[in-house]
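# okay, predicted coordinates and the sequence, questions at the end:
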Amino acid sequence: AAAGLCPCRALLPGALPALRRSLRGFAAGPQTHFGFQTVTEAERREKIYQVFESVADKYDVMNDSMTLGIHRVWKDILVHKMNPSPGTLLLDVAGGTGDIAFRFINYVRSVRERQLQRKLKRHQNLSWQEIAESYQEDQFKSLGDSQVVVCDINREMLRVGKQKAQDLGYSEGLSWVLGNAEELPFDDDKFDVYTIAFGIRNVTRIDLALQEAYRVLKPGGRFLCLEFSRVSNPLLSRLYDLYSFQVIPVLGEVIAGDWKSYRYLVESIRRFPPQEEFKAMIEDAGFFKVDYQNLSSGIVAIHSGFKL
Amino acid sequence: KMAAVAAGSLRRAGWRLWQGRAVVRCQLSPPQRALQASAVLRRVSDEQKKEPSASSSQQQFDSHPTDQQPEQEPQGPIPSYTGQGGQESEDYESEEQLQHRILTAALEFVPEHGWTAEAIAEGAKTLGLSVAAAGMFHSDGSELILHFVSQCNTKLSELLEQEQKQVQLGEAEKKPIDQFLRDAVEARLRMLIPYIEKWPQALSILLLPHNIPSSLNLLTSMIDDIWHYAGDQSTDFNWYTRRAVLTGIYNTTELVMMQDSSPDFEETWRFLENRVADAMNMDNTANQVQSTGEAVVQGLMGAALTVSHAETSRAVR
């Protein structure tokens, strides 16, 4: 891994002096990484908060330009894999601008429509009395009791998300909560599904986040994580590195006026553990039937586990 | 599994060192997953008090302060663990057993929802699990159908074994072959009656390419079972012909049953009777065909010899 980082380090003028600085002084608190720098945990949380505060407004635009729109497909695949049925309670952590939440609502709505159509077909032979009773029972709710709670640590991201929901017309079954993934403000055994899309690599203590995920899920509940991961194909890996370190920060400067944040983004992807290691971490938190699915040959992976 | 967990934990320890963390936690060697109080995988010993006992030990674990290392083992009631490795310790059921329980519970919802992930979700709900547990299975309901078929086959085997015991004990008469086959196939097909409306859907799913190996496997082992209890001990080509014939009878009768609307499926059983009778006749015919075949071959050989003799004698003359 160190050998792979060397050509990249040549491109990052700031990293080496920063490393030397941290080696010289001994900062209080456990050391961790911020991109390729070494910082304390408290500093890391602060820096990440600032990163997302500054990119919040341009977050969606940057996603589209960096991934050439493929991130939409990845998120669609995540929700399809979830295959939620009406009545599911979803917790979307680090859900910021609401992409997963909106997709969830759309999916559940269409499943519910099909269910209602099937019910109506069977209702063809009922008497008028029975039909009247079924209307009173209010069975024709469009979401069927499904709900999604979007939780994010960053106020700006939540603000952008709420605005988007208003613009796109999502009102039912959606709630926005400010919270830290390492210490969720929810009771035990509450949610059917916990998702975290492109958020867990920004969490400082991933093990705590996984434990919290385990805690708030109902027995039988599912943990789903969509995150950047290791590309195994060496040729693709070189192209990907080239694109990440040369193109993305430039796009960041041009579109969002902030190349440092996007350099952090690219570095944080390289720092995140590969598929198998992350799978082991999820298993450690107590999840069973942990598995992962590579998308785009490993650029992104969906990890799934069950609380059994 | 143990080696993988140990390797994984070593890797993680190395990763943290690289990051510069001061604390390195010593990993204990036995796999920790069976020891963590699982929320649902229950002890095989106490059937009844599954959720309350599991959740209470879970809460005990959570009451520990959150800044402790996650690998710390819960101080709650630890079951007698004999270190057999993986999730299959003596006291906890495995994931497969839980999956079987969910599928069995889901069968009751099939008449309403069909062989779908919805039925599995409802089944999971009755066990006290979240509907998301249906995500453990394929979304087209294949596992549910395969589970059902395998359950039916097991029931059939038990039935046939009981009948055999009765015959051995002299409590019942040994049936003639055609009667035996008829009764066995009828008993097996009757198990489909509660689900008959949605069975065509199940058949079509079983024919999907990714399901064919498993469904074919289940079918052939069931047919094999029936012939075994029928007393078939052939070791020649008959073994294959008998199984092929019975498979054909079973499949065609099943299809007839789908279309049958007569009371208690009388038409189907009559169809079955005719097919089995045909098969018995075919057996005789097969022998006849074989001997006729041999006779024909001998005749041809004789004719060929005669012709060649005539040729040589003409040549000599």
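Sure, I can see it. Numbers count the residues shown, from 1 in each chain, chains lettered A, B, ... in the order given.

# mind listing the helices for the stretch 101-250 of chain B?
B:110-113, B:117-126, B:142-168, B:177-190, B:199-206, B:212-229, B:238-259 (DSSP state H, counting those that start in this stretch).

# so which bits of the shortest one are buried?
What it means is helix B:110-113. Residues B:110, B:113 are the ones in helix B:110-113 that count as buried (16 or more other C-beta atoms under 10 Å in any protein chain shown). In short, each C-beta sits where N, CA and C put it, glycine included.

# from the contact counts, what lies against that helix?
Contacts defined by 3 or more C-beta pairs under 8 Å, 6 or more residues apart in numbering or on different chains; DSSP states H and E place helix B:110-113 against helix B:117-126.

# packing partners of the helix it packs on?
Using 3+ C-beta pairs under 8 Å, 6+ apart: helix B:117-126 touches helix B:95-107, helix B:110-113.

# with mean pLDDT as added columns, please give the helices of the stretch 101-250 of chain B in a markdown table.
A markdown table is the format used below for the helices of the stretch 101-250 of chain B (pLDDT from 0 to 100):
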| stretch | mean pLDDT |
| --- | --- |
| helix B:110-113 | 90 |
| helix B:117-126 | 92 |
| helix B:142-168 | 94 |
| helix B:177-190 | 92 |
| helix B:199-206 | 92 |
| helix B:212-229 | 93 |
| helix B:238-259 | 90 |
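
# so what's the residue in the stretch 201-317 of chain B positioned nearest to chain A up against?
For the stretch 201-317 of chain B and chain A, the shortest gap (C-beta to the nearest C-beta) falls at residue B:201, measuring 13.3 Å. With contact set as C-beta atoms under 8 Å, 6 or more residues apart in numbering or on different chains, residue B:201 has these partners: B:114, B:115.

# name the element the nearest residue to residue B:186 once chain neighbours are set aside belongs to?
Take residue B:186 and drop its neighbours on the chain: the residue closest to it by C-beta to C-beta, 6 or more residues apart in numbering or on different chains is residue B:269, 5.9 Å away. Residue B:269 belongs to helix B:266-316 when elements are defined using DSSP states H and E.

# could you find the closest non-adjacent residue to whichever residue of the stretch 201-308 of chain A sits closest to chain B?
Of all residues in the stretch 201-308 of chain A, the one sitting closest to chain B is residue A:220 (2.7 Å; C-beta to the nearest C-beta). Closest residue in space to residue A:220, ignoring its immediate chain neighbours: residue B:129 at 2.7 Å, by C-beta to C-beta, 6+ apart.

# now the one you found: phi and psi?
phi -100, psi 170 (degrees, to the nearest 10).

# for residue A:111, see how far away it is.
Distance of residue B:129 to residue A:111, computed by C-beta to C-beta, to the nearest Å: 19 Å.

# the two: who's more crowded?
With neighbours defined as other C-beta atoms under 10 Å in any protein chain shown, residue B:129 and residue A:111 compare such that residue B:129 has more, 28 against 19.

# I figured residue B:156 hits residue B:190, correct?
No - using C-beta atoms under 8 Å, residue B:156 makes no contact with residue B:190, being 10.2 Å away.

# more neighbours, these two?
Neighbour count, other C-beta under 10 Å: between residue B:156 and residue B:190, residue B:156 has more, with 19 against 15.

# how about the stretch 151-300 of chain B: which residue is closest to chain A?
Residue nearest to chain A within the stretch 151-300 of chain B: residue B:197 (12.0 Å; C-beta to the nearest C-beta).

# let me see the contact set for that residue.
Neighbours of residue B:197 in contact, by C-beta under 8 Å, 6+ apart: residue B:111.

# residue B:193: neighbour count?
Residues lying near residue B:193 (other C-beta under 10 Å) number 11.

# residue B:162 too?
With other C-beta under 10 Å as criterion, residue B:162 counts 10.

# that one and residue B:171, how far apart?
Distance of residue B:162 to residue B:171, computed by C-beta to C-beta: 11 Å.

# do the same with residue B:177
Remark: distance between residue B:177 and residue B:171 (C-beta to C-beta) = 20 Å.

# of those two, who's got more company?
The neighbour comparison of residue B:177 against residue B:171 (other C-beta under 10 Å) goes to residue B:177, with 16 against 9.

# number of residues surrounding the closest residue to the more buried one other than its chain neighbours?
Spatially, and ignoring its direct neighbours in sequence, residue B:177 is nearest to residue B:230 (6.0 Å; C-beta to C-beta, 6+ apart). When neighbours are defined as other C-beta under 10 Å, residue B:230 has 18 of them.

# quick one, what contacts residue B:230?
B:177, B:180, B:181, B:184.

# so what's the first one up against?
Neighbour list for residue B:177: B:230, B:231, B:280 [criterion: C-beta under 8 Å, 6+ apart].

# got TSV for those, with pLDDT too?
Listed next are those as TSV, based on pLDDT from 0 to 100:
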residue	pLDDT
B:230	88
B:231	84
B:280	84
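
# could you dump those residues into JSON lines with distance to residue A:263 added?
Formatted as JSON lines, the contacts of residue B:177 follow (distance: C-beta to C-beta, whole Å):
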{"residue": "B:230", "distance to residue A:263": "75"}
{"residue": "B:231", "distance to residue A:263": "78"}
{"residue": "B:280", "distance to residue A:263": "82"}
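
# of these, which is the nearest to residue A:83?
Of all those, residue A:83 sits closest to residue B:230, with 44.1 Å by C-beta to C-beta.

# gap between that closest one and residue B:245?
To residue B:245, residue B:230 is 12 Å away according to C-beta to C-beta.

# buried stuff in the strand or helix carrying residue A:163?
For residue A:163, the host element (DSSP H and E) is helix A:155-168. Burial within helix A:155-168, assessed by neighbour count using 16+ other C-beta under 10 Å, is assigned to A:156, A:157, A:158, A:159, A:160, A:161, A:162, A:164, A:165.

# spell out the secondary structure type for residue A:222.
Under the three-state scheme (DSSP: H, G, I helix; E, B strand; the rest coil), residue A:222 adopts strand.

# that one: what's it in contact with?
A:82, A:192, A:193, A:194, A:304, A:305, A:306, A:307, B:130, B:132, B:133, B:135.

# in TSV: those, plus pLDDT and neighbour count.
Shown next, in TSV, are these (pLDDT from 0 to 100; neighbours: other C-beta atoms under 10 Å in any protein chain shown):
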residue	pLDDT	neighbour count
A:82	94	23
A:192	95	26
A:193	96	24
A:194	96	31
A:304	96	21
A:305	95	26
A:306	95	25
A:307	93	29
B:130	91	26
B:132	92	29
B:133	92	28
B:135	92	26
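
# pick out the most distant pair among those residues.
Pairwise distances across the contacts of residue A:222 (C-beta to C-beta) peak at 14.8 Å, for the pair A:82 and A:307.

# ok, the residue of chain B found nearest chain A to residue B:139 distance?
Nearest to chain A, among the residues of chain B, is residue B:129, at 2.7 Å (C-beta to the nearest C-beta). Look at residue B:129 and residue B:139: by C-beta to C-beta, they are 17 Å apart.

# I figured residue A:185 hits residue A:153, correct?
No - counting by C-beta under 8 Å, residue A:185 stays clear of residue A:153, with 11.0 Å between them.

# who has more neighbours out of those two?
Neighbour comparison, residue A:185 and residue A:153: the larger count goes to residue A:153, with 22 against 10 (by other C-beta under 10 Å).

# what's that one sitting at in phi/psi?
phi -90, psi -20.

# since we're on the closest residue to it other than its chain neighbours, how many residues are nearby?
Closest residue in space to residue A:153, ignoring its immediate chain neighbours: residue A:180 at 5.1 Å, by C-beta to C-beta, 6+ apart. Neighbours of residue A:180 under the rule other C-beta under 10 Å: 17.
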